[in-house]
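Novice: I'll drop the sequence and a predicted model, then ask my questions.
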Amino acid sequence: MADTKKLAIIASQGSLDWAYPPFILASTAAAMDMEAVIFFTFYGLPLLKKEIDAKVSPHSNPAMPMKMPFGSKEFQSMNWPIPNMISGNMPGFDNMATMLMKETFKKKGVATIEQLRGMCQEFGVRFIACQMTMEVFGFEKEGFIDGVEYGGAATFLEYAADANISLFI
């Protein structure tokens, strides 16, 4: 089909807040009858692991609100003016932020990363793992979910060259 629109995404981050965009965009594109490919490189590669252990990283996200909109209404009403520099260095803060985000997403009916990833696979989204990054960081194919393709930048660029939409996430 020459008229089929194509989406090309580079997923380079693996924290919980950065794991959602590539899977949401790719599954939505596929549901809209678009072809979609996600190229997982550097810190995005762990999103292909059989078990995803993504956490929120307050320290590396300067846009995270001082007052986090997660958790119960009582928790949200607490005004915790904690600067990111401190929150990122506070032992256990990333675990608490991760738990609260997951709890809020669950209450709001947002799919988990694993569910979104599964939907992408069901819809035919291609997942390409960066072979070079796998070698540099020591990732093994056996640690990844089934259905992953392996290739380098040229493999992705060959697809992306004809894509209507290309995103770096």
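Specialist: In hand now; what should we look at?
Novice: mind listing the helices for the chain?
Specialist: Per DSSP state H, the chain carries helices over the ranges 16-31, 73-77, 84-87, 93-107, 113-122, 131-137, 153-160.
Novice: per-stretch mean pLDDT over those helices, give me the minimum one.
Specialist: With a mean of 54, helix 84-87 has the lowest mean pLDDT of the helices of the chain.
Novice: please name the nearest non-neighbouring residue to Leu167.
Specialist: Closest residue to Leu167 apart from its sequence neighbours, by CB to CB, 6 or more residues apart in numbering: Ile9 at 4.9 Å. Using the backbone N, CA and C atoms, a C-beta is placed for each residue, glycine as well.
Novice: neighbouring contacts of stretch 150-158?
Specialist: The set of residues external to stretch 150-158 that reach it, using CB atoms under 8 Å, 6 or more residues apart in numbering, is 8, 10, 37, 39, 128-132, 134, 141, 149.
Novice: tell me the buried residues in it?
Specialist: Of the residues in stretch 150-158, those with enough neighbours to count as buried (16 or more other CB atoms under 10 Å) are 151, 155-156.
Novice: and for stretch 157-166?
Specialist: Within stretch 157-166, the residues that qualify as buried are 159-160, 163, 166, counting by 16+ other CB under 10 Å.
Novice: ok so, going back, any chance of the buried residues of stretch 150-158 in a markdown table, plus distance to Glu51?
Specialist: What follows is these, written out as a markdown table (distance: CB to CB, whole Å):
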| residue | distance to Glu51 |
| --- | --- |
| Gly151 | 24 |
| Thr155 | 26 |
| Phe156 | 25 |
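Novice: reformat the contacts of stretch 150-158 as JSON lines; add distance to Ala26.
Specialist: Putting these into JSON lines (distance: CB to CB, whole Å) gives the following:
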{"residue": "Ala8", "distance to Ala26": "10"}
{"residue": "Ile10", "distance to Ala26": "12"}
{"residue": "Val37", "distance to Ala26": "8"}
{"residue": "Phe39", "distance to Ala26": "11"}
{"residue": "Ile128", "distance to Ala26": "12"}
{"residue": "Ala129", "distance to Ala26": "15"}
{"residue": "Cys130", "distance to Ala26": "16"}
{"residue": "Gln131", "distance to Ala26": "20"}
{"residue": "Met132", "distance to Ala26": "22"}
{"residue": "Met134", "distance to Ala26": "20"}
{"residue": "Lys141", "distance to Ala26": "21"}
{"residue": "Glu149", "distance to Ala26": "14"}
